[in-house]
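1. only the shape, not the letters, is given here:
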């Protein structure tokens, strides 16, 4: 780490400017610095620093940001505005999805690849759908380049996207960015693909509204797909530090989806993952997340992902092998039955 914590002076990433110890022990003191870090990160891409909350604004309702958008304002994800009192969707409707897609040969580097049905389907492919928007502001984002895209680069209707499937398309995965801010498009596309026998999967932070998240789970259950929840942190202030937002919606959506795990455990309906961010998502934090997962259902598979420095946390190291092994140990100790480390080639 090249910077110093603005509160205690110990090493911390330059952009974030606060250390894990202060986040945990002096959370109120860290909040101004955390908000400033995310304001600066979003300003660089001309995105609102916080969800708009105009008293007479139009409510979007798609995700946990709960934007109330006033005349001429932009929603947190950058895809909605209000003109002449009406909510205008730049993208994210069944008619307009802002994304790019590609065919990814199976087996692929999927969060759930070691337990999902796709890892046995050599000769088939996954239709990878990368949504170019997000309802979080992860400072470590590994796919941050979506912020540089403009809608003119990739607009497809749900029908057009579904038509990209071929006889060798085994599954589709909606990720990004995150599908949460474009769920109407993803759900419409997923329904059309499921009707063609394609397994519908999701890779998400779980920030979609409860109603839409429930529909996503139902679509995966019926089609043989998997909902992969990225649980970034259990501590709410740490989650805010890393993503700019609370994790309450993520945990509640995971709890509700995980309660349905018993309806189909093979291939698993629900899988959890956590990125092992050095200096922040330590074994203690993994233990908290793992205990939460185990309370929901200890059979839910848990993937611990190795980190590499990117975006605004460019001055962190990669995840060490010791960090990963310790995290696996505490996850097992919490009662989880299926734990693995992903992206092992990144471990230092």
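-> Structure's in. What do you need? Since this is a predicted model, take the numbers as computed values, not measurements.

2. ok, now which ones touch the closest residue to residue 137 other than its chain neighbours?
-> In this structure, residue 137 finds its nearest non-sequential neighbour in residue 244, 3.5 Å apart by C-beta to C-beta, 6 or more residues apart in numbering. Quick note: C-beta positions are derived from backbone N, CA and C, even for glycine. For residue 244, the contact set (C-beta atoms under 8 Å, 6 or more residues apart in numbering) comprises 34, 38, 41, 42, 136, 137, 138, 139.

3. can you list the domain ranges for the protein.
-> For the chain, automatic domain parsing gives the domain ranges 1-44, 51-90, 97-346.

4. most tightly surrounded among those domains?
-> Counting by mean count of other C-beta atoms under 10 Å, domain 97-346 has the highest mean neighbour count of the domains of the chain, with a mean of 20.

5. quote the end-to-end distance of it.
-> This stretch, domain 97-346, spans 32 Å end to end (C-alpha to C-alpha, to the nearest Å).

6. phi, psi for residue 78 please.
-> When read as degrees, to the nearest 10, the backbone of residue 78 gives phi 90, psi 10.

7. any idea how far it is from residue 51?
-> 12 Å (C-beta to C-beta, to the nearest Å).

8. just the helices in the stretch 201-348 of the chain please.
-> 210-223, 236-243, 248-258, 283-296, 321-333 (DSSP state H, counting those that start in this stretch).

9. need these in JSON lines with mean pLDDT and distance to residue 179, can you?
-> Output for these, formatted as JSON lines (pLDDT from 0 to 100; distance: least, C-beta to C-beta, whole Å):
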{"stretch": "helix 210-223", "mean pLDDT": "98", "distance to residue 179": "8"}
{"stretch": "helix 236-243", "mean pLDDT": "98", "distance to residue 179": "16"}
{"stretch": "helix 248-258", "mean pLDDT": "98", "distance to residue 179": "13"}
{"stretch": "helix 283-296", "mean pLDDT": "98", "distance to residue 179": "21"}
{"stretch": "helix 321-333", "mean pLDDT": "98", "distance to residue 179": "26"}
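
10. list just the one of those helices that sits closest to residue 117.
-> Ranking these by proximity to residue 117 (C-beta to C-beta) places helix 210-223 first, at 10.7 Å.

11. show me what that closest one is in contact with.
-> Helix 210-223 has contacts (C-beta under 8 Å, 6+ apart) with 62, 179-180, 183-184, 186-187, 190-191, 193-194, 198-202, 204, 206, 208, 225-227, 249, 252-253, 256-257, 260, 263-264, 269-270.

12. brilliant, that's me finished.
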